[in-house]
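1. Pasted the sequence and its predicted model underneath.
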Amino acid sequence: MFCFQCQEASKGVGCAIKGVCGKSPEVSNLQDLLLFVTKGVAFWSHQADLKGISNPEAEKYIIDSMFITITNANFDANKITQQIEKGFDIQNNLKAKTGTPEGEVPECAVWQTKSRDEINAKSETVSILNETNEDIRSLKELIIYGLKGMAAYAEHAANLGYSNNEVNVFMKKGLLATINNTLGVNELLPIVLETGKNGIDVMALLDKANTESYGHPEISTVNLGVGKNPGILVSGHDLKDFEELLKQTEGTGVDIYTHSEMLPANYYPAFKKYKHFVGNYGNAWWEQTSEFESFNGPVLLTTNCLVPPKESYKDRVYTTGAAGFDGCPHIAERENGKTKDFSAIIEHAKKCPAPTEIETGTLTGGFAHNQVAALADKVVDAVKSGAIKKFVVMAGCDGRMNSRNYYGDFAEALPKDSVILTAGCAKYRYNKLPLGDIGGIPRVLDAGQCNDSYSLAVTALKLKEAFGLDDINELPIVYNIAWYEQKAVIVLLALLALGVKNINLGPTLPAFLSPNVTNVLVEQFGIGGISTVEEDIERMVLS
Ligand code: SF4
Ligand code: SF3
């Protein structure tokens, strides 16, 4: 195996023996093969597009498969193998409709087998490292990781009945670019930027899907304590799953809590009305190993980030959608327009004790673009009067490395006339600190999930307009972004496509960026890393 797609890649280089995330070599190799087969599906789907043959099944397959390979989503070798086999069927169906195309057909679009032994053997031969030019590999993987993030957001939107054909078509273009050996650095770089542009579009699509379905997030006080009933803890990012579970648990005596990236569900009007939706339990994903334990009841993982569960609570971990873990019950997909059936997890919850309290009190969130727009006059006045001197975007991911203490320390050390704009699970490093407010505007404005970084971009564009500026980079906004998995990659590429310069990225720069590609990003976009809290506050905020 070789994998370097996330920030925790072993030794800052890549995981070659076992994933730091817990991914086995077998699963890692099968994920490589799933990507290989998915590129083959993209090839045939593109052929179908050229002939005007609609192929929504292939487009859905591409999204599902990319999402399955995202960090901490799916550890289930059997499920991944089934998905590979499904890819063969989809390729065959498309081939039958399109006929043999002119020109060369790539290996990923022809290789198939009915033998699982051959699947496993093949999976060991399709490594990322087959691309020997490190700059080309770096750019191709940057595109792939951006596409994985894009796929995740496209899937959530699709679950709510929203799709964007241009995004679907671009995903194929991006995948096909990675199997095109004639493309050099100069051809791949524009595709990286195009990935970012489509990233903006997919986040806008998901924003529309979420807000049209559940209302605009609004300022909300979220309970951190627990009730007396047994509960189900919901993690991940999928709001459709959350809604269906809320409906199915109403009146059953089972309460609902959010964990990690599901916290922003507490900000949506459509969910707040449910009395048995108690609040948020715990912190960012990596703390699940103790928090799932003390929750006492079953946990539903709607997406990443799943840590391989301990035996002590493994029987209480349910997965659904792209998430999966060998031996954990998986809640099946919706069929024929019906809802998912959560009865198994609900019955399980009824037999469990109520959660053990690990904290009390509340936190405040819900500052997505619509809510911030409602406060715009106040915000603009505060900037004009000098009460707010800087906005610091600290969106992104959290992770388990000690080096991430930097982000809590940085938030605490910021001057009191600065406001943090955040989204994603990075916020757990500082969203419970008593950072106060500026004239009633909280110093931490949480827009929501990582995809709600879109809201931060909309807020920045509105401020640019309010101040009559020509360039988004003239605003008093600095970016200190924490990344972990591939959704943060698409968020980063989206910000670059919007023209945002001088983004600081940490706690370490991606292992998949070669020195030359890093240089390009430094020269063209001013991307940089982080150093110490003191130096960075001086450099980013005070100077
Ligand atoms: Fe390693 Fe990250 Fe890949 Fe897991 S996802 S194998 S931790 S690089
Ligand atoms: Fe977090 Fe996984 Fe990325 Fe959605 S839940 S931000 S790490």
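-> Thanks, I have it. Numbering: from 1, shown residues only. Ligands and ions are numbered 1, 2, ... in the order given.

2. Verify the contact between residue 143 and residue 174 for me.
-> Yes: in this structure, residue 143 is within contact of residue 174 by Cβ atoms under 8 Å, at 5.0 Å. (Glycine included, C-beta is placed from N, CA and C.)

3. what's the overlap in contacts for these two?
-> By the contact definition Cβ atoms under 8 Å, 6 or more residues apart in numbering, residue 143 and residue 174 are jointly contacted by 191, 195.

4. is stretch 288-304 anywhere near ligand 2?
-> Yes: remark: stretch 288-304 sits within contact range of ligand 2 at residue 304, by Cβ under 6 Å from any ligand atom.

5. any idea how far ligand 2 is from residue 152?
-> 8 Å (Cβ to the nearest ligand atom, to the nearest Å).

6. Pretty sure that residue sits in a helix.
-> Yes: counting by DSSP: H, G, I helix; E, B strand; the rest coil, one finds residue 152 located in a helix.

7. What sits closest to it if chain neighbours are left out?
-> Spatial nearest neighbour of residue 152, excluding adjacent residues (Cβ to Cβ, 6 or more residues apart in numbering): residue 67 at 5.0 Å.

8. Beyond the helix or strand containing that neighbour, next helix or strand please.
-> Assessed by DSSP states H and E, residue 67 sits inside helix 56-68. Next in sequence after helix 56-68, counting helices and strands by DSSP H and E, comes helix 77-98.

9. So is that next one next to ligand 1?
-> No: using Cβ under 6 Å from any ligand atom, helix 77-98 stays clear of ligand 1, with a minimum separation of 13.9 Å.

10. and the following helix or strand past that helix, average pLDDT?
-> As assigned by DSSP H and E, the chain's next helix or strand after helix 77-98 is helix 116-123. Computed over helix 116-123, the mean pLDDT rounds to 98.

11. And stretch 456-471, by the same measure?
-> The model assigns stretch 456-471 a mean pLDDT of 93.

12. And that stretch, what's buried?
-> The neighbour-count check on stretch 456-471 (16 or more other Cβ atoms under 10 Å) flags 456-460, 462-464 as buried.

13. Show residues contacting that stretch.
-> Residues contacting stretch 456-471 (Cβ under 8 Å, 6+ apart): 200, 369, 372-373, 376, 379-380, 383, 391, 393, 395, 421-423, 447, 472, 474-475, 477, 494-495, 498-500.

14. wait, what's in contact with residue 499?
-> 471-473.

15. Figure out the helix or strand that residue 257 lives in.
-> strand 255-258.

16. Kindly report the same for residue 181.
-> Applying DSSP H and E, one finds residue 181 in no helix or strand.

17. Look at the residue nearest to residue 418 when sequence neighbours are not counted and say how many residues are nearby.
-> Take residue 418 and drop its neighbours on the chain: the residue closest to it by Cβ to Cβ, 6+ apart is residue 390, 4.3 Å away. By the criterion of other Cβ atoms under 10 Å, residue 390 has 18 neighbours.

18. Next one: residue 390, what pLDDT does it get?
-> We have a pLDDT of 97 for residue 390.

19. what about residue 385, how many neighbours?
-> Residues lying near residue 385 (other Cβ under 10 Å) number 9.

20. next one: residue 108
-> When neighbours are defined as other Cβ under 10 Å, residue 108 has 22 of them.

21. and it, how far is that from residue 88?
-> To residue 88, residue 108 is 11 Å away according to Cβ to Cβ, to the nearest Å.

22. which residue does the stretch 51-200 of the chain bring closest to ligand 2?
-> Closest contact between the stretch 51-200 of the chain and ligand 2, by Cβ to the nearest ligand atom, is at residue 72 (6.1 Å).

23. Report the next helix or strand after the strand holding residue 257 in sequence order.
-> helix 269-272.

24. who in the protein is up against ligand 2?
-> Residues of the chain found near ligand 2 (Cβ under 6 Å from any ligand atom) are 237, 260-261, 285, 304-305, 397, 424-425, 449-450, 484-485, 487-488.

25. Mind checking which of those land in helices?
-> 487-488 (DSSP state H).

26. top of the residues of the chain next to ligand 2 by neighbour count?
-> Each of these was scored for neighbours by other Cβ under 10 Å, and residue 487 scores highest at 34 neighbours.

27. list the buried ones in the biggest helix by length in the chain?
-> In terms of residue count, the longest helix belonging to the chain (DSSP H) is helix 185-214. Buried residues in helix 185-214, counted by 16+ other Cβ under 10 Å: 188-189, 191-192, 194-207, 209-211, 213-214.

28. Check stretch 247-260 too.
-> Within stretch 247-260, the residues that qualify as buried are 248-249, 252, 254-260, counting by 16+ other Cβ under 10 Å.

29. what does stretch 90-108 give?
-> For stretch 90-108, by 16+ other Cβ under 10 Å, it's 90-91, 94-95, 98, 106, 108.

30. need these in TSV with distance to residue 127 and pLDDT, can you?
-> Formatted as TSV, these follow (distance: Cβ to Cβ, whole Å; pLDDT from 0 to 100):
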residue	distance to residue 127	pLDDT
90	24	98
91	21	98
94	26	98
95	26	97
98	29	97
106	17	97
108	14	98
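
31. which other residues reach stretch 127-137?
-> Counting by Cβ under 8 Å, 6+ apart, 1-4, 29, 32, 140-141, 183-185, 188, 512, 514, 516-517 sit against stretch 127-137.

32. With stretch 91-111 instead?
-> 36-37, 39-41, 43-45, 47-48, 50-51, 53, 55, 57-58, 112, 122, 179.

33. restrict the residues you listed to contacts with ligand 1.
-> With Cβ under 6 Å from any ligand atom as the criterion, the contacts of stretch 91-111 include none near ligand 1.

34. What about the residues you listed, which are in helices?
-> Using DSSP H, the contacts of stretch 91-111 in helices are 36-37, 39-41, 43-45, 47-48, 50, 57-58, 122.

35. which of the residues you listed count as buried?
-> Buried among these by 16+ other Cβ under 10 Å: 36-37, 39-41, 43-45, 47-48, 58, 122.

36. how many neighbours does the nearest residue to residue 210 once chain neighbours are set aside have?
-> Leaving aside its sequence neighbours, residue 210 sits nearest to residue 239 (Cβ to Cβ, 6+ apart; 5.9 Å). The local packing of residue 239 (other Cβ under 10 Å) involves 24 other residues.

37. Relative to residue 303, how far out is residue 239?
-> Taking Cβ to Cβ, one finds residue 239 at 11 Å from residue 303.

38. before we move on, what about residue 263?
-> Computed with Cβ to Cβ, the distance linking residue 263 and residue 303 is 14 Å.

39. ditto for residue 159
-> From residue 159 over to residue 303 the distance is 11 Å, taken as Cβ to Cβ.

40. Repeat that for residue 281.
-> 18 Å.

41. Then residue 342?
-> Distance of residue 342 to residue 303, given as Cβ to Cβ: 16 Å.

42. same question, residue 9
-> Counting by Cβ to Cβ, the gap from residue 9 to residue 303 is 21 Å.

43. higher neighbour count, these two?
-> Set residue 9 next to residue 303 and count neighbours by other Cβ under 10 Å: residue 303 wins out with 27 against 22.

44. For residue 444, what are phi and psi?
-> Dihedral pair for residue 444: phi -120, psi 110, per degrees, to the nearest 10.

45. Next, count neighbours for it.
-> Counted by other Cβ under 10 Å, the residues lying close to residue 444 total 23.

46. need the contact list for the nearest residue to it once chain neighbours are set aside.
-> Excluding the flanking residues, the one nearest residue 444 by Cβ to Cβ, 6+ apart is residue 420, at 4.7 Å. Counting by Cβ under 8 Å, 6+ apart, residue 420 touches 391-394, 411, 414, 430, 435, 443-445.

47. ok, 6 Å please
-> Contacts for residue 420 (Cβ atoms under 6 Å, 6 or more residues apart in numbering) come out as 392, 394, 444.

48. What's the first helix or strand after the helix or strand hosting it?
-> Applying DSSP H and E as the criterion places residue 420 in strand 418-422. Downstream of strand 418-422, the first helix or strand assigned by DSSP H and E is strand 437-438.
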